[in-house]
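>>> build me a structure from this.
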Amino acid sequence: MGRYLLCGKEAEIPFEVEELDIRLYTIEELCYYIYHNLPLVGDDFISERLLHFIRHELEMPENADKIERFYSSPSDQDSTLFMLLSEVGYYTEYDMQEFQNRLVFRRRKNGPERVRYKADSLMEKKRYLGAIRCYKTLVTGERDGRISAQFYAEVLESIANCYGKLCQFEQALEYLEKAYDQVGSERLLKKIYDVTVLSGQDLPEKYFSRCTDQKLSEWQQSYWNREAVIKGSLDEEPAMQMFLHAPAVMNVELKQYVEQKKELFRGMLE
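Below is the predicted model of the structure:
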């Protein structure tokens, strides 16, 4: 990630965050990561690896010692994180109060809710495969008694949304159907309709045999309207102009163009 170096040492060997595929080189970058990615900070974040990074790579043994004194179990994590950010002084008093509020918000969540909190954050950051893996821990194996049917359905729908963003429509349909089986929502049924049409498959009779012709006609028209808007935005002339630029510039612009069009296509699933 970009350097957030104020006054500390820049590490030769960075602290790697695999879930986001980023490397942290300074204490300010570490604080920035914690502050902006709290849902991703798991119980194993404060570890020997982190202490080694702070003590030896950043040459901040006093901070590492303070963390060791503060932290004895995962229940101490919140106070330890708050202490670290306060010691470094990268954030204002107002920022730290806001961070404290988010710590309280996270602490009030039970186990399944915290897992979902993390998965939601990964999805927001477009780390769809990581989000899928995280969500699936909530819906595979034996059902957790703390998970209501509504919560379960929302997690299944989130998995479907991730697969949709990856344009893996068969898997998206599978999880949308599982979500619908939980709560029988018309909103989910319409979403099943949209993804089925988008993927070019036939409507499954199991879900649509009881739908009225009027309802199906309304959904079809809604789909066509959104499709027309998206197709109307696919103006190919800008793409053709890119080929007149220097190769290095052209490659960057083409990549940006493709990503923009992917977003429009994915918008059909919203």
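>>> tell me the contacts of E157?
By C-beta atoms under 8 Å, 6 or more residues apart in numbering, the contact set of E157 is 175-176, 179, 188, 191. For the C-beta atoms, the positions are set from N, CA and C on the backbone; glycine is no exception.
>>> got it, and R143?
Y152.
>>> now the phi/psi pair for it, please.
phi -70, psi 130 (degrees, to the nearest 10).
>>> show the pLDDT at it.
According to the prediction, R143 has pLDDT 80.
>>> now E237
55.
>>> likewise S47?
pLDDT at S47 comes out at 94.
>>> on that earlier part again, out of the contacts of E157, flag the one nearest to I147.
I147 has its nearest neighbour among these in A179, at 13.0 Å by C-beta to C-beta.
>>> now the closest one: how far from P14?
The spacing between A179 and P14, counted by C-beta to C-beta, to the nearest Å, is 39 Å.
>>> looking at the two, which is more packed in?
A count of neighbours by other C-beta atoms under 10 Å puts A179 above the other of A179 and P14, at 25 against 17.
>>> and the helix or strand hosting that one, how far out from the chain's middle?
Applying DSSP states H and E as the criterion places A179 in helix 169-183. How far helix 169-183 lies from its chain's middle: 20 Å, per C-alpha atoms, centre = their mean, to the nearest Å.
>>> which helices and strands does whichever helix or strand comes after it pack with?
The first helix or strand that comes after helix 169-183 along the chain, using DSSP H and E, is helix 186-198. If contacts are counted by 3 or more C-beta pairs under 8 Å, 6 or more residues apart in numbering; DSSP states H and E, helix 186-198 sits against helix 149-165, helix 169-183, helix 205-208, helix 213-232.
>>> what residues of stretch 97-107 count as buried?
99, 103, 106 (16 or more other C-beta atoms under 10 Å).
>>> and the strands in the stretch 1-150 of the chain?
With DSSP state E, counting those that start in this stretch as the criterion, the stretch 1-150 of the chain has strands at 15-17, 22-24.
>>> hmm, L166 and Y128 touching each other?
Yes - counting by C-beta atoms under 8 Å, Y128 does reach L166; the two are 5.4 Å apart.
>>> between those two, which has more neighbouring residues?
The neighbour count for Y128 versus L166, taken as other C-beta under 10 Å, is higher for Y128 (18 against 15).
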